[in-house]
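> Predicted model and sequence follow; I will ask about them next.
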Amino acid sequence: MTSTGDAFRRKTAEDDASLTPAERVQRALRLGDDEAEAFRRARGITRAAAEAELASRRRAGRIPSRVAGTG
């Protein structure tokens, strides 16, 4: 017996497989835009401020690379 979660994951994987690479990129960009919009609305800030804060948060968790000369 398969769970609802397993069925959903299988359906999602099938849907993803039917997309072209360009469609996958568009979908990923749209998801990022949706994230920024939800964050902006929750905080009551401008879109530019939301994008800047999200970018700052992504950078904060990264470890500088010695290879790139930044660490």
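Thanks, I have it. Because the structure is a prediction, the values reported are computed rather than measured.
> List the buried residues in the longest helix along the chain.
Longest helix in the chain by number of residues (criterion: DSSP state H): helix 21-43. Neighbour counts using 16 or more other CB atoms under 10 Å place 36, 39-40 of helix 21-43 among the buried residues. The C-beta positions use only the backbone N, C-alpha and C, and glycine is treated the same way.
> same deal with stretch 49-67?
Within stretch 49-67, the residues scored as buried using 16+ other CB under 10 Å are 50-51.
> I'd like the distance from it to the chain centre, please.
With CA atoms, centre = their mean, to the nearest Å as the basis, stretch 49-67 stands 14 Å off its chain's centre.
> that older thread, the longest helix of the chain - contacts with which helices or strands?
When contacts are defined as 3 or more CB pairs under 8 Å, 6 or more residues apart in numbering; DSSP states H and E, helix 21-43 packs onto helix 47-60.
> Please tell me how far A36 sits from I45.
In this structure, A36 and I45 are 10 Å apart, going by CB to CB, to the nearest Å.
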